Every structure is written in C-alpha cells, then in structure tokens.
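# Everything below, folded, please.
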Amino acid sequence: MSNLGYMVTVSHVFRRGEGDHLTVDGRKLTATSILKAFDLALIELPPVCTFKITELGSAAELEQTVLVNDIHAIKCRVVNAGASLLFLGFQCYNMPEPGDSVPPILQAGKVIGIMYSVTLDTCMGIAISSSIIRSLEV
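Numbering: from 1, shown residues only. Reported below is the predicted structural model:
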C-alpha cells in the first residue's frame, strides 16, 4: 500500500463495488478495492482528513485485545490466529451486540483484525486478520 490513508468497511454497503461512493462525516469517499470473499472494501481517504489513522499489526495468540467502536470497548482474547481469520474469546456478560459489525480489534494499539461474526452461545467471535486487510492492494 502507498503512504495514503485508507479506511476498511464492509463491502455489502456498495451496490456496484469498486468506484461506488460512501459519505463519511459529510465527505464523499470512493471504494478503491473490494474483497467480496471477506465482505471488505478499501476506501482511500483524502490527503487532508480528520480521521484517526491506526497502524496494522499482527495478532499474538492468547493475548488480550479490545474491540473498539464509537459506543464502547469490549475486552477479548485471541485464542487462535490463522492466516486469514482470528478466533476470539469474550467474557459472556460483555459480548458484541447487533450493530457492532466491523469494529477494529486492537492489540498493543494496532489493528490486528476486523470483527466478522459472533456466536453468542459459545462467547466466541471471528475476526478477519490484518493480513487479509493488507491484501486489499490498490
């Protein structure tokens, strides 16, 4: 990837895919790359933006992580880290809720994945690994 900033979101919000637009904080942004197999879209940020840029990291198994969105932060732990997916364990009384889709999973201040799904009865979650996010080359 270049030195430009990028945002990652779900690709199902775009009707046509690459080239479609999304409005964030009143700014019209364009999907530059789509990875349908993981329902991810890469969006190039404008040169001057007020968005906080977070670095991508790599998951360390059995280490504490945190799922962060604009409402809350939920602690979890990486129980297994594969090449494309991370398996997360949550405390059963503090689980992601409907609408918590696609928040970043942070470990040591870096994004190690994007939340993909949660199984409430097992208190487990699946996140798409940062290695997949890196594969969204423009």
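
# buried sites along stretch 128-138?
For stretch 128-138, burial by neighbour count (16 or more other Cβ atoms under 10 Å) applies to 128-133, 136. From N, CA and C alone the C-beta is placed, and that goes for glycine too.

# swap in stretch 9-26?
If you call a residue buried by 16+ other Cβ under 10 Å, then stretch 9-26 has these buried ones: 9, 11, 14, 20.

# what's the burial count for residue 8?
Residues lying near residue 8 (other Cβ atoms under 10 Å) number 22.

# Please apply the same query to residue 127.
Using other Cβ under 10 Å, residue 127 has 28 neighbouring residues.

# Can you mark which positions in stretch 96-116 are buried?
Buried, per 16+ other Cβ under 10 Å, within stretch 96-116: 96, 100-107, 111-116.

# got the contact list for it?
With contact meaning Cβ atoms under 8 Å, 6 or more residues apart in numbering, stretch 96-116 is reached by 8-10, 38-40, 54-60, 63-69, 74, 76, 78, 85-86, 88, 90, 118, 125-130, 133.

# what's the answer for stretch 121-131, then?
Stretch 121-131 is contacted from outside by 38, 40, 56-59, 67, 76, 79, 81-92, 95-96, 105, 110-119, using Cβ under 8 Å, 6+ apart.

# Looking at the residues you listed, which are in strands?
40, 67, 76, 79, 81, 85-90, 105, 110-119 (DSSP state E).

# one step back: and the buried residues of stretch 128-138 as a markdown table, adding secondary structure, distance to residue 29 and pLDDT?
As requested, the buried residues of stretch 128-138 are exported to a markdown table (DSSP: H, G, I helix; E, B strand; the rest coil; distance: Cβ to Cβ, whole Å; pLDDT from 0 to 100):
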| residue | secondary structure | distance to residue 29 | pLDDT |
| --- | --- | --- | --- |
| 128 | strand | 20 | 92 |
| 129 | strand | 24 | 94 |
| 130 | helix | 21 | 92 |
| 131 | helix | 24 | 91 |
| 132 | helix | 21 | 90 |
| 133 | helix | 17 | 87 |
| 136 | coil | 15 | 75 |
